[in-house]
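1. the following comprises the amino acid sequence and a computationally predicted model.
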Amino acid sequence: MSGRYTIARISMGGENFEILVKPEPAYAYRSGKDVPISDVLVSDVIFSDANKGLKASTEKLRRSFGTTDTLRIAEMILKRGTLLLTAEQRRKMIEEKRKQIISFISRQCIDPRTKLPHPPLRIEQAMKEIHYSIDPFKSAEEQANEVIKLLRRVIPIKIEKLTVGVKVPPEHVGRAYGVVKSFGTIKREEWQRDGGWIALVELPAGLYGSFLERLGEITKGRVETKLIE
């Protein structure tokens, strides 16, 4: 595999099918960006083994894909198959996933001794100690939950939820409602006769400070909040 191209492959009915693709356009296409398939392909040949230059037969293509149209088949392979990443792509994906995991943990967890969130740098340093291997294709949230369990060996850490009472005046409800939903789960709500809004919101303890700051900004300080024990 060259830095100029990589392979996307799929197995169907016991048969292997591969295409040669340009790394960056292929990754962009796979990520859902609007990239013409013609800009992705190195050639419009469907291989059974690209490294050996073995082409898939017309009969096998028709039996497996229901068509011999190579562009349509290439689209199916890219969307449903496996895209082999270059070393640089994999490095970038792992680094981006690492940042997402650290951000998630910083927002969701606290130090039970201080009741405050762990700074991202502290989480990053602790992750180096546990030698967690990041999977670039696995969701950040799923991996973060695995990391949290392992981090307990090296730092005091706890996922904690808070319940906050919120009261928003009528003129700010429109914007405040969306902000509240983005931070947590609305457990109960009540609309006032004057159009005001009262709600009980459950959110990660690590987000509490940002939650108050954001609500204060959009309501110009007119929001009322209360921690519910």
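-> Received it, and whenever you're ready, just let me know what you need.
2. identify each buried residue in stretch 159-173, please.
-> Leu162, Thr163, Val164, Val166, Lys167, Val168, Pro169, His172, Val173 (16 or more other CB atoms under 10 Å). Backbone N, C-alpha and C define where each C-beta goes, glycine included.
3. tell me the pLDDT of the third one.
-> Among the per-residue scores, Val164 holds a pLDDT of 96.
4. and it, what does it touch?
-> Gly184, Leu200, Val201, Glu202, Leu203, Tyr208, Phe211, Thr225, Lys226, Leu227, Ile228 (CB atoms under 8 Å, 6 or more residues apart in numbering).
5. okay, and it sits in which element?
-> Val164 belongs to strand 161-168 when assigned by DSSP states H and E.
6. and that strand, C-alpha only, in PDB?
-> Taking C-alpha atoms only, strand 161-168 is exported to PDB below (Å, rounded to 0.1, in the frame of the first residue of the first chain):
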ATOM      1  CA  LYS A 161     -24.900  13.700  38.500                       C
ATOM      2  CA  LEU A 162     -26.500  16.800  39.900                       C
ATOM      3  CA  THR A 163     -30.100  17.800  39.900                       C
ATOM      4  CA  VAL A 164     -30.600  21.600  39.400                       C
ATOM      5  CA  GLY A 165     -33.800  23.600  39.600                       C
ATOM      6  CA  VAL A 166     -34.000  26.200  36.900                       C
ATOM      7  CA  LYS A 167     -36.400  29.200  36.600                       C
ATOM      8  CA  VAL A 168     -36.300  31.200  33.300                       C
END
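7. re the thing from before, quick check: the farthest pair among the buried residues of stretch 159-173?
-> Leu162 and Pro169 (22.6 Å; CB to CB).
8. how about the residue nearest to Ile130 when sequence neighbours are not counted, secondary structure?
-> Nearest non-adjacent residue to Ile130, counting by CB to CB, 6 or more residues apart in numbering: Leu150, 4.5 Å away. Judged by DSSP: H, G, I helix; E, B strand; the rest coil, the three-state class of Leu150 is helix.
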